[in-house]
Each structure stands twice: as structure tokens, then as C-alpha cells.
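In: A predicted structure for the sequence below; I have some questions about it.
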Amino acid sequence: MTRHPNLAVIARYAGGGDGLDEATVWSVEAHLENCADCRARLAGSVGDQTRALLDRIASGLDVGIAAGPPPAHAARPWSAMRRRWFVWALVPWLAMTVAVLGCAYLLDRLRPDLPSLVLLLAPVAPLPGVAVAWSRRADPAWELVAGTPGAGLAMLLRRAVVVLAVVVPALALLGIGSGISMALMLLPSLAGTAATIALGGVLGLHRAATGIGAAWGVAVVVPSMATMNLPVVLSPGSIPIWALITAALVAVTATRADGYRWLSSRD
């Protein structure tokens, strides 16, 4: 309907649509959505019985609303952003990681004859936090978050960034105090994180972090402490290799982005 319906049509519509075909009723309803004047005419055409019925319905709704629970407060924007980037279960794991690195630094100061424990632990330091970052066990809201379009690799990367935002500065400070090259301290840490995420797409984050951590401990940390020498993989000449490994793992992860939505089903 491109013009206003006449008063007779509005009156019939107000009376229940008697005598109007479906096309006319539809046209009137479409017109009323955008025409305040015709809505006012419709209100004036409502009969006494209809008006009394509407009043009873409005009164009943008012009573029901007043007797019901108060409306829930809308979630704050920062709260929704926090859920995308952070889960409270990370806090104890991050605190534990920083504490372990601090103890390793103290041991380095007390026993300078030993290989640097801070450097030996740097590649696996972020792994506990990354394993918890996107987990059915650790996140109480996992079921809700997993059904959103933002779940999967994007959310895992955001939360991994939060883990690195805590672990990397701690490693940097300890590296400065120990006189260790920043690249040698941080690149293996990034490579360990990238390896956990890449392998986590196949095995699950918990299994990937546990496996990589155990393999690093058995293959590198224990032999280094036994021989009292740092391994070749943590020598200054290994820095370009760590950079290439990190870049390769990031590329592999990017090609499998669709497989990360169901990570926790394997954990």
C-alpha cells in the first residue's frame, strides 16, 4: 500500500479484519509500521471492548513484571573483551611460572658453576599457561565460548599473547640480570609456544605441552645438568635456527586454522 488506508479500512482492521482480504491486511500492517498518523487513527478506531481487553492485558503485564525478578544487567563491554583474552584459571599457572623462573635465577646466582637454569627453562616456560589458555577443564565458560564465532585459533592466540605478556618480560628481566642475550632467551620461548600450538591442533594443548616439556627436559635439561655444560641448541649460533623454526611453526599453524575449534575435545 503506497497511500494511506481510508478510515473504513482502518476501522475494519481494528475490528479484526472482517471483510478485508489477506493482501489488504498485510498492506495495512506494513503501512502502520512506518506511519504514525495511521497508527493514531487505528488507536481511535478501537472499540470499547477491544480497548478494555488491551487495558486488562497491559495491567496483567505490569503486575507480572513487578512480581518477577529484576532485569539482568547488561554485560559490560570490558567484561566480554576479558573473556575473549583471558581466563582466571591462568593466574595460578602464570604465578607458578614466574616463581619457578625466579627460583632458577636465584640458583644461577648461588651456583654460577652450573649451566643457567633460566636459559634451560626459557623454551618451556610459557607451556603451562598455553595449555590452560583454551581448555574445557580450566575455563568454566568453555561451553558458551566454544559456540561463538570467535572461538578456536583466534581465541587461543589471544590468550597465548596474554601468557607471553607475562612470561616474556620476566625472562627479559632475568636475562638482563644474568647477562644472557635477549634473542637467545626469548626466541626459544617463542618457538616452544609455537610448537605447542601447532602440535596442539592434532593432540590437544595439554598433551602437546606435556609432551614437549617432557621431551625438552629429558633431551636437554637433564644432560646439561649432568655434563655441567649448556647444549649446542642454546648456543649463540643457534639463534637463526630458532627464528626459522618459529616462523615455520607459525606457517603450519596458519594453514590449519579451521582445526582449532574442537581443541578441547581431545584434552
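Out: Received, thanks. Numbers count the residues shown, from 1 in each chain.
In: And for stretch 231-244, what's in contact with it?
Out: With C-beta atoms under 8 Å, 6 or more residues apart in numbering as the test, stretch 231-244 has contacts from L119, L120, S181, A183, L184, L187, P188, L190, A191, V220, P223, S224. Every C-beta, even on glycine, is put in place using the N, C-alpha and C of the backbone.
In: nearest spatial neighbour of the fourth one, skipping sequence neighbours?
Out: The one in question is A183. I239 (4.9 Å; C-beta to C-beta, 6 or more residues apart in numbering).
In: tell me the average confidence for the helix or strand encompassing that neighbour?
Out: I239 is part of helix 239-255, with elements assigned from DSSP states H and E. Helix 239-255 shows a mean pLDDT of 92.
In: so where's this protein uncertain?
Out: Applying pLDDT under 70 to the chain flags residues 1-2, 17, 45-51, 53-54, 71-86, 135-151, 258-267.
In: Mind giving me the packing neighbours of the longest helix along it?
Out: Longest helix in the chain, counting residues (DSSP state H): helix 153-178. If you count contacts as 3 or more C-beta pairs under 8 Å, 6 or more residues apart in numbering; DSSP states H and E, helix 153-178 packs onto helix 77-85, helix 90-110, helix 117-121, helix 127-133, helix 182-203.
In: my guess is A122 contacts A172, does it?
Out: No - contact criterion C-beta atoms under 8 Å: A122 and A172 do not qualify, at 10.3 Å.
In: Overlap in contacts, those two.
Out: M185, L186.
In: Between those two, tell me which one has more neighbours.
Out: Neighbour totals were compared for A122 and A172, and A122 leads with 29 against 15 (other C-beta atoms under 10 Å).
In: Excluding chain neighbours, what is closest to the more buried one?
Out: S189 (4.8 Å).
In: Ok, T246 next?
Out: Closest to T246 by C-beta to C-beta, 6+ apart is A191, at 4.5 Å.
In: ditto for L187
Out: In space, L187 is closest to W242, 4.0 Å off (C-beta to C-beta, 6+ apart).
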